[in-house]
Every structure is written in structure tokens, then in C-alpha cells.
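Colleague: Sequence first, then the predicted structure:
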Amino acid sequence: MSKKVFIKTFGCQMNEYDSNRILDNIKKINYVKTNDQYDADCFILNTCHIRDKAKEKVYHEVGRVKKIYENKKKPIMIVAGCVAQAENDEMFKREPYIDIVIGPQSYHKINNVISNYRINEKFEETEIDTIDKFENFDKIKNSSNNVSSFLTIQEGCDKFCHFCVVPFTRGPEYSRPVHKILAEAEQLIKNGVKEITLLGQNVNAYSFKNNNKEFRLSNLINELEKYSELKRIRYTTSHPIDMTDDLIDCYKTSKKLMPFVHLPIQSGSNKVLKLMNRKHTVEEYINIYEKLMKINPDIKFSSDFIISYPGEEDRDFEQTINLVKKIKFINSFSFIFSPRPGTKAGEMTSIDKDLSKLKLLKIQKLLFSYQLNTNKSFNGKKIKVLVENKMDNQTKLFGRNKYINSVIMDGDEKNIGKEVDVYIEKFNQNTLFGKIIGTRTEAA
Ligand code: SAM
Ligand code: SF4
Ligand code: F3S
């Protein structure tokens, strides 16, 4: 009889992709996915270490699992992901309920580790073995059949922004071979996938060399464009210094690349960007924005912001506010700087908490107003939506427009996987509401 595995995922899209790939892999040792966290033989927490309290959250979660299984058979308790990589065998000392700790570049070993697991033994696998991982995973079918699916093309980071743990938890930049990526894309399309989001910690740093020819993200986009059943292409997360002209040109040539650019800047002050070791200036960022707007004024932007980075003065923060006003990002992530152990900024003196909260409120108020205004601009209009699924416990359908805005709509289930015209009748900051009024066959 098969055993059941429950996996809870935190953090970024890459963790989501990884969780799915772990599930694809673990099938080989007869484990099937369960959505019932109260009845699992193996319980995996796929963790994120990007901001403060991440570690505490994991121990809290393990405590919760311990409680759930107090009077039942203990599942194999696995901590995977970036906290596992950062904390490694320290985790067993603090929480002996944990059986296995496995880092993001060792997932190909998970079947072996589980198969060899013996009660009361502890296993730790945190070797950075990215090439081996992908070579192993390339042999396993990606079973994702979500209308919109992720595909990792690049992992790791060599940029070492002073605030960030990713280069330590994911290791150096690695780009997968083009033919492996295209084979996985073909599989996804065969599964019924209509939208692919190419993933990487620095997705636009993608660079694969073969016979002296370099393949970049732009080449991949051009290749994906050729699959007639694929309707939409996205990518995330990109870095301003890798936003090269060949990629910018894709917005001219590609019919399937969505006109929505998530391009984190972190701060609108050159002084702070330098302190962060971001390697780009505000002017360079604006130059990218202007080039893209010249190609297609319909393109919309979103970004990530870190508030109160050590050394940020009021005038630096005002420059960030001015940048937000200039670009009018339609949705963005903004967080107060969180000191991370092992990073250069981890030891720096943090800015006063109350002041930081006030600054965060100010920037979020502005960002949210642009988000709401964008949603308002769709009200009473017909927009194109790719229908992704039926909503849990509801009759309504869920999908997204070209700018990745969530749309909840009335309509027939047979529209799942199709691009449809939706009449928007209502909106709030996060969601558009409407009804399907027609089906399309061409790309949105
Ligand atoms: N590689 C992407 C880039 O360079 O823009 C970002 C990847 S990171 C997983 C996502 C976001 O987390 C960053 O853009 C940054 O805004 C935020 N972040 C990372 N470290 C942080 C920290 N120590 N404190 C607050 N936010 C942080
Ligand atoms: Fe982190 Fe900077 Fe690398 Fe992005 S580019 S993953 S923020 S170190
Ligand atoms: Fe978090 Fe690791 Fe992603 S730290 S944001 S899960 S790369």
C-alpha cells in the first residue's frame, strides 16, 4: 500500500516548484501526496529564510505537527528548504522531533534518505549539488497540470546583496541546459499547461553555453513562443543589471510574453543601493523602464522595496517615494529590513522600529493606492483572462489578466484553460470580479 506525504510550502515560487518536484520524485518510493495534514506518514516543511523569525516559525510549525500526532503514529518529520540549508544539524539539537534536514540542492537524495530512514536516527543532507540535482530531476516527469505552472531554469545567486541570505542557502548561480528546459516545457504543455512562468533567483542572469554559443533568457522566450498550445509566458525574479537589450527586445517580438515586469529595485536612493551592494543605480533602472515604455506603453511594473536599510536617511526614503510616484508600480512587495545572520548587513545597526513602521505605512499607502487605481481602471470594462481553476468550495472561477491581477468570475467550467473575455463589475485592492462574456482562441 502507498504511504502518504504531506508537504507545507513557505517562501517564494521556487519553493513551490521544488515541492512539486519532490512530490514527483517521491512517487518512485511509493509515496502519494495527501492534502490531509492530520494523516501523513511523512510530513515535509519546505521553508524560507529570507526574513527574521523564519527559523522560529519553523520550530513553531514542528511543534504543531508534534501536537497533531501526539496520540498517533509519528510521521517522518522532514525540514527542507532554505532554513534547513542555513541551520543544518543544529535543528536536531533544538528539536529532536525532526528526523531529516535536507537543503534545496540535495532534493534528488530525498528518496534514498527516506528509504534508509530508521526510527531515532537523524539524517542531514545539505550539500550544494545543483548539477546533480537537475540531472536527476530531468529523468522524472514533471506532472504539474495547473493551467499556470512554474519551470525553474536557473538557481542560486552570485550577486551577494549585503542584506540577503539567498547566495548562502541556494548556492552559486547555475543555468540548466536549454534542451532540458524545453523538454520539461513540452511535458508541461502535454499536461495541459497554458502559461509557463520561468523561474530563477536571478532568472534573467540565465546563461547556458553550448559550442561557443550562449543561450539567454531571451532565446528561451523565443523558443517557447513557438509552442502553439502555450498561450502565455512570464518570468521571475529578474535583476536590473541583467535586463539586457535582447530581453527588452522580446517585448517587441513576442506575442506571448506578458506586458508585466516584476523588477526589484529595493531603494530609490543611489547611496542606499551602493550600501546594499546592488550594483545598479536608480538612473539605470529608469533607463530600463523608459526603454520598455517606448516599446509598449501598456507595460506595467512591480518591484520589491526594503525600508530602513542601515544608513537610510529621510532624504533617501523620500527618493524611494519619488521613484514609486514616477513609475506607479501596480503591485509590489515592501518590507522593513530584517538583519540576517551571516550576511554583511546582519551585524549593522538597525533603524528605530517605530520610525521604520511609519515609513513602511507611508510607502504601502502609496503603493496600495496605485494598485487600487489600476484595478479601478478595469471596472466596467471587458478584459482578457486566462481561466485557471474552479475556486475551492465555490461555483466561481479563478483566473488572471495580463498584469497577473486575480480575477474571480462567473462562468462555465469548460472555460478552464481558455482565454476569455470577462466583464468586470466590481473590484477591490487585490481582486477583480466579473462574468465571462466570450471565449478567445488567440493569445492574450
Ligand atoms: N533576486 C531578487 C532580486 O535581486 O531582486 C530577489 C530575491 S529575494 C528572494 C526577494 C526579496 O526579498 C528581495 O527583493 C528583497 O526585497 C527581500 N529581502 C531579501 N532579504 C531581505 C532582508 N534581509 N530584509 C528584508 N527584505 C529582504
Ligand atoms: Fe538576494 Fe541580491 Fe541575489 Fe536577489 S540578487 S537573490 S536580493 S543576493
Ligand atoms: Fe525564501 Fe529561499 Fe525563496 S530564502 S524566498 S525560499 S530562495
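Modeller: Sure, I can see it. Ligands and ions are numbered 1, 2, ... in the order given.

Colleague: Could you list the low-confidence segments of the protein?
Modeller: Within the chain, the stretches with pLDDT under 70 are 440-444.

Colleague: ok, which stretches of it are helices?
Modeller: For the chain, helices defined by DSSP state H occupy the ranges 13-26, 54-68, 81-87, 90-94, 110-115, 130-137, 166-169, 178-190, 217-225, 245-253, 270-276, 282-295, 314-327, 353-378.

Colleague: Could you name the helices and strands sitting against the last one?
Modeller: Spelled out, that is helix 353-378. In terms of contacts (3 or more CB pairs under 8 Å, 6 or more residues apart in numbering; DSSP states H and E), helix 353-378 is packed against strand 304-307, helix 314-327, strand 333-336, strand 419-427, strand 431-440. Heads up, the C-betas are built off the backbone N, CA and C, glycines and all.

Colleague: Among these, which comes closest to ligand 2?
Modeller: strand 304-307 (8.0 Å; CB to the nearest ligand atom).

Colleague: Identify the residues contacting the closest one?
Modeller: The contact list for strand 304-307, computed with CB atoms under 8 Å, 6 or more residues apart in numbering, reads 163, 237, 264-267, 276, 317, 320, 324, 332-337, 356, 359-360, 363.

Colleague: Pick the most deeply packed of the helices of the chain.
Modeller: Comparing the helices of the chain on average neighbours per residue, with mean count of other CB atoms under 10 Å, the densest one is helix 81-87 at a mean of 26.

Colleague: What lies in contact with it?
Modeller: 10-11, 15, 18, 45-50, 54-55, 58, 91, 101-105, 126, 165-166, 168-170, 341-342.

Colleague: now for the helices of the chain, which one comes closest to ligand 3?
Modeller: helix 81-87 (3.3 Å).

Colleague: Please compute how far that closest one lies from its chain's middle.
Modeller: In terms of CA atoms, centre = their mean, to the nearest Å, the centre of helix 81-87 is set 17 Å apart from its chain centre.

Colleague: circling back to that earlier point, output the helices and strands packed on helix 353-378 in JSON lines, with distance to ligand 1 appended to each entry.
Modeller: Converted to JSON lines, the helices and strands packed on helix 353-378 look like this (distance: least, CB to the nearest ligand atom, whole Å):
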{"stretch": "strand 304-307", "distance to ligand 1": "3"}
{"stretch": "helix 314-327", "distance to ligand 1": "12"}
{"stretch": "strand 333-336", "distance to ligand 1": "4"}
{"stretch": "strand 419-427", "distance to ligand 1": "27"}
{"stretch": "strand 431-440", "distance to ligand 1": "23"}
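
Colleague: Those residues of this protein touching ligand 3, which are they?
Modeller: Contact residues, the chain versus ligand 3 (CB under 6 Å from any ligand atom): 11-12, 14-15, 48-50, 81-82, 165-166, 169-170, 201.

Colleague: can we see that at 8 Å?
Modeller: Within the chain, the positions adjacent to ligand 3 are 10-15, 46-50, 54, 81-83, 104, 165-166, 169-170, 201 by CB under 8 Å from any ligand atom.

Colleague: Now narrow those residues to whatever sits close to ligand 1.
Modeller: Counting by CB under 8 Å from any ligand atom, the members of those near ligand 1 are G11, C12, I50, V165, V166, Q201.

Colleague: ok, how many other residues are close to the last one?
Modeller: Same thing as Q201. By the criterion of other CB atoms under 10 Å, Q201 has 24 neighbours.

Colleague: so E184 makes contact with K141?
Modeller: No: applying CB atoms under 8 Å, one finds E184 not in contact with K141, separated by 9.1 Å.

Colleague: can you list contacts of stretch 378-387?
Modeller: In contact with stretch 378-387 (CB under 8 Å, 6+ apart) are residues 147-148, 194-195, 231-232, 397-402, 405, 407, 409, 411, 415-427, 432, 434, 436-437, 440, 444.

Colleague: Give the ChimeraX command for selecting the buried subset of those.
Modeller: Buried members of the contacts of stretch 378-387, defined by 16 or more other CB atoms under 10 Å, are picked up in ChimeraX with:
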select :147,148,194,195,231,232,397,398,399,400,401,402,405,407,409,411,415,416,417,418,419,420,422,423,424,427,432,434,436,444
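
Colleague: Can I get the helices of the chain in a markdown table including distance to E388?
Modeller: Below are the helices of the chain laid out as a markdown table (distance: least, CB to CB, whole Å):
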| stretch | distance to E388 |
| --- | --- |
| helix 13-26 | 14 |
| helix 54-68 | 28 |
| helix 81-87 | 25 |
| helix 90-94 | 36 |
| helix 110-115 | 29 |
| helix 130-137 | 25 |
| helix 166-169 | 28 |
| helix 178-190 | 14 |
| helix 217-225 | 19 |
| helix 245-253 | 24 |
| helix 270-276 | 35 |
| helix 282-295 | 26 |
| helix 314-327 | 28 |
| helix 353-378 | 18 |
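
Colleague: K122 is nearest to which of these?
Modeller: With CB to CB as the measure, helix 90-94 is the member of these nearest K122 (4.8 Å).

Colleague: residues in contact with the closest one?
Modeller: Outside helix 90-94, the residues within contact range by CB under 8 Å, 6+ apart are V58, Y59, V79, V83, A84, I98, V101, K122, E124.

Colleague: Of those, just say which sits nearest to ligand 2.
Modeller: V83 (15.8 Å).

Colleague: Not counting residues beside it along the chain, what's closest to the closest one?
Modeller: Leaving aside its sequence neighbours, V83 sits nearest to T47 (CB to CB, 6 or more residues apart in numbering; 3.8 Å).

Colleague: In the sheet, which residues pair with that neighbour? Tell me.
Modeller: Note on T47: beta-bridge partners by DSSP bridges are G81.

Colleague: now do the same end-to-end measure for stretch 108-127.
Modeller: 11 Å (CA to CA, to the nearest Å).
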